[in-house]
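Engineer: next comes the sequence, and after it the predicted model I'd like to discuss.
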Amino acid sequence: MKQLPPSHFLESPDYVSQLSNEGSPVQSPSQGSGRAVNSQLIGKSGNAFGTLSPEVNNIDIINELNTVVFIHRNDPATNGQTTSQYRYAISTDGGQTFTTEVGPLNPSATGIAGGVNARYPNAIIRNPAGNTDVNNAWLIYLGSWHNGNGSGNEIWEGISTGVSKLDGALTGATENNDTINESNVTITYSLCRGLAGEYWAVGNEFKFGVLDSAIVVYKGVWNENTNDCDWSVYNRLYPGFANINDTINKLTPLIAFDPTGQFGWIASFGNFTANKVFEPYFYKTTDGGNTWQGPFIMDMSTYPTITNRLDNVNGSGIPTAAFEPNLVVDKNGDPHLFNVIGSGNEYSIQSGLNLNLYDFTYSNATQQFFPIWVDTILTFRGILATTSTGDYSQDNRVQACTTPDGSRVFVEWSDSPLNAGGDNTIPDVLACGYNVDSKLWTLGKNFTTDDLTWSGACTFPSVGFAAFRNGTTSTIPVVITKFNISGSADDPVEFHYFNNVSFDDSEFQYDKINSINNINKASYDVRVSPNPAVDFITVNSEKLNGSTVRVMNVLGQQVISTMAQNQTIQLSLNGLASGVYMVEVSNNDGTVTKRIIKK
């Protein structure tokens, strides 16, 4: 087991993480069969500084125009000029074919010391009311820039913004490189739509050489006179993070709105106590972003569905978050803040122990926050590529999207199989869906495990915050950043689009809230070994005698049941398929559930 801190290299173009992890994690219960994905090359960049951060929204779709756009940094080997310039790829047939390398959108980004060095572009499509011609729609972009004279968080000067018609000819293109918030900024994240003609993004404030407690809220308003988007710092929010030894620890803030733009949330994770762990917090607006209520802080240690899935023997037993959350808002105005949770302390997660993916949500109907267990995470941070600029590592890159009407919510993440040895070094694309109306989930599904090209090769997947909806099928737009190691100062990457990461409505069948999601707290511990197991398991506890012992599959279906006659019993696993099972021990002192892997 290794203590892994946040990977702060995303805040700087000059540093990449060099951490990996060790340990024996638990098998993901994602049981959907693998499938071949349809992929195509849609662009190139001189390096990966543009898609490293999963909280940057670089993909958008307009369902009624059957259009998807992906923005990225330039590849000088393909187009000349500098990596600081932005280009985009566009498909007007739902991701079947693309026009690529359209740009540059920001030609004045010279990428030299003292000039504009643009990074991490977000993109969103503005489709005027009643428009049916994609050539009359607009691309709005928002990125971050620095002058090339420094390193670390202090380098950021402001935001790079502009627009262009989506006609492939850069008609009406604008470019603005503004110094904002007195240059006390970091990367801008989570570009999204609000009310008609309004757009939002967030970032952390970096002031006086330190990451301070403020969340910077950006608002863009479409200007009909100039056909441009006017951006400003609309608000600063102070959630009240704990200041320990003059240090504030928080993760990337996120913002999202419901389809009407009236109800929105700002959310993420930060440290609020002396425990030095990351807890979820929320701000809420019901008036389109004019005012924000909060913060609302969730104490994860009070939720048995979280604490009873931790390894309290080998780990701290204190729940903390991994470092790449994502946020969407559904049709009811309810948030869905997804992240991986495990045991931790000292701002680190104990990655070799039990890790699980959760949906932290809120019900407007009941006025309550609560977590929903989504899936088990198998591996964590692993080195994906060693390049001339450093080692590129990947955690689980949790990302979320909704259908345009907000009736379906999807979460996508990256994970590797058991033979990766605990490190996410041969990543696949996995996803799971939630039906807001029926409150039923799909099973987690691995989309690439059987693909001859992409199995174990899905590095740095990016997901748009909206999914295509066609009949009963929802399709998640996914772009993979593929490394091409050259040994040069800038190691180039390719971008490949997957157009069939899809779910049908018939797959929403599982009640994760009322079945295996909630586990009753017990006052005793249970030991199950070996784990992973092949033929049998041994169950041991001082309270086992007289207990009911059950083994259930990931659907909550009982496959073994017995009454223990002493403190140790042995159960045969012969006849059970390989995968994840839950061993449940129940008696008058409560219920304990342990996860095992059947090889």
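Structural biologist: Good, I have the coordinates.
Engineer: could you pull up the residues touching the residue nearest to residue 577 when sequence neighbours are not counted?
Structural biologist: Excluding the flanking residues, the one nearest residue 577 by C-beta to C-beta, 6 or more residues apart in numbering is residue 598, at 7.2 Å. Glycine gets a C-beta too; all of them are placed from N, C-alpha and C. Shown in contact with residue 598 (C-beta atoms under 8 Å, 6 or more residues apart in numbering): 532, 533, 534, 573, 576, 577, 578, 579, 580, 581.
Engineer: phi first, then psi, for the fourth one.
Structural biologist: In other words, residue 573. Phi and psi for residue 573, reported as degrees, to the nearest 10, are phi -100, psi 10.
Engineer: and the nearest residue to residue 468 once chain neighbours are set aside, helix, strand or coil?
Structural biologist: Excluding the flanking residues, the one nearest residue 468 by C-beta to C-beta, 6+ apart is residue 475, at 4.3 Å. When classified by DSSP: H, G, I helix; E, B strand; the rest coil, residue 475 comes out as strand.
Engineer: who's in contact with residue 475?
Structural biologist: 94, 95, 467, 468, 469, 499, 500, 501, 502.
Engineer: can you pull up the bridge partners for the fifth one?
Structural biologist: Beta-bridge pairing of residue 469 under DSSP bridges involves residue 474.
Engineer: would you check how far apart it and residue 259 are?
Structural biologist: Distance, residue 469 to residue 259, by C-beta to C-beta, to the nearest Å: 12 Å.
Engineer: now which of the contacts of residue 475 would you call buried?
Structural biologist: 94, 95, 467, 468, 469, 499, 501, 502 (16 or more other C-beta atoms under 10 Å).
Engineer: with respect to residue 392, which of these is nearest?
Structural biologist: residue 501 (22.8 Å; C-beta to C-beta).
Engineer: got the confidence number for that closest one?
Structural biologist: Looking at residue 501, its pLDDT reads 97.
Engineer: could you find the closest non-adjacent residue to it?
Structural biologist: Distances taken as C-beta to C-beta, 6+ apart place residue 476 nearest to residue 501, at 4.5 Å, with adjacent residues excluded.
Engineer: show the contacting residues for that neighbour.
Structural biologist: Residue 476 neighbours (C-beta under 8 Å, 6+ apart): 401, 410, 412, 431, 463, 464, 467, 501, 502.
Engineer: could you list everything the fourth one pairs with in the sheet?
Structural biologist: With DSSP bridges applied, residue 431 shows beta-bridge pairing to residue 412, residue 445.
Engineer: state the distance from residue 235 to residue 382.
Structural biologist: Residue 235 is 38 Å from residue 382, by C-beta to C-beta.
Engineer: more neighbours, the two?
Structural biologist: Between residue 235 and residue 382, counted using other C-beta atoms under 10 Å, residue 382 has the larger neighbour count: 22 against 18.
Engineer: where along the stretch 351-500 of the chain do the strands fall?
Structural biologist: 355-363, 368-377, 382-387, 390-394, 399-402, 408-415, 428-435, 440-441, 445-446, 461-463, 468-470, 473-483, 493-504 (DSSP state E, counting those that start in this stretch).
Engineer: what helices or strands is the fifth one leaning on?
Structural biologist: Identification of packing neighbours for strand 399-402 by 3 or more C-beta pairs under 8 Å, 6 or more residues apart in numbering; DSSP states H and E yields strand 326-329, strand 335-345, strand 408-415, strand 461-463.
Engineer: surely residue 579 and residue 559 touch.
Structural biologist: No. Look at residue 579 against residue 559 with C-beta atoms under 8 Å: they stay out of range, at 10.8 Å.
Engineer: shared neighbours of those two, anything?
Structural biologist: residue 553.
Engineer: residue 345 pairs with what?
Structural biologist: Applying DSSP bridges, one finds that residue 345 bridges with residue 348.
Engineer: how far away is residue 412 from residue 364?
Structural biologist: 25 Å.
Engineer: quick one: contacts of stretch 242-253?
Structural biologist: By C-beta under 8 Å, 6+ apart, the list of residues contacting stretch 242-253 reads 6, 10, 53, 55, 189-190, 202-204, 210-213, 215, 239, 241, 266-274, 276, 278, 321, 323-325, 347.
Engineer: show the contacting residues for residue 213.
Structural biologist: 205, 238, 239, 240, 241, 243, 248, 250.
Engineer: who wins on neighbours among those residues?
Structural biologist: residue 250 leads these on contacts (other C-beta under 10 Å) with 23 neighbours.
Engineer: return the backbone torsion pair for that one.
Structural biologist: Torsion angles, degrees, to the nearest 10, at residue 250: phi -150, psi 160.
Engineer: what's the pLDDT at it?
Structural biologist: At residue 250, pLDDT is 92.
Engineer: domains in this protein, as residue ranges please.
Structural biologist: Taking automatic domain parsing as the reference, the chain has its domains at 3-507, 527-598.
Engineer: coming back round to it: residue 305: which of the strands of the stretch 351-500 of the chain is closest?
Structural biologist: strand 368-377 (5.6 Å).
Engineer: neighbouring strands - and their directions - for that closest one?
Structural biologist: For strand 368-377, pairing defined by DSSP bridges yields strand 355-363 (antiparallel).
Engineer: send me the strand it pairs with as PDB with only the CA atoms.
Structural biologist: In PDB, the C-alpha atoms belonging to strand 355-363 read as follows (Å, rounded to 0.1, in the frame of the first residue of the first chain):
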ATOM      1  CA  LEU A 355     -11.600   1.700  -3.500                       C
ATOM      2  CA  ASN A 356     -15.200   2.400  -4.700                       C
ATOM      3  CA  LEU A 357     -16.900   4.800  -7.000                       C
ATOM      4  CA  TYR A 358     -19.800   6.900  -5.600                       C
ATOM      5  CA  ASP A 359     -22.500   9.300  -6.700                       C
ATOM      6  CA  PHE A 360     -22.900  12.000  -4.200                       C
ATOM      7  CA  THR A 361     -26.300  13.400  -4.800                       C
ATOM      8  CA  TYR A 362     -29.200  15.400  -3.400                       C
ATOM      9  CA  SER A 363     -32.900  15.000  -3.600                       C
END
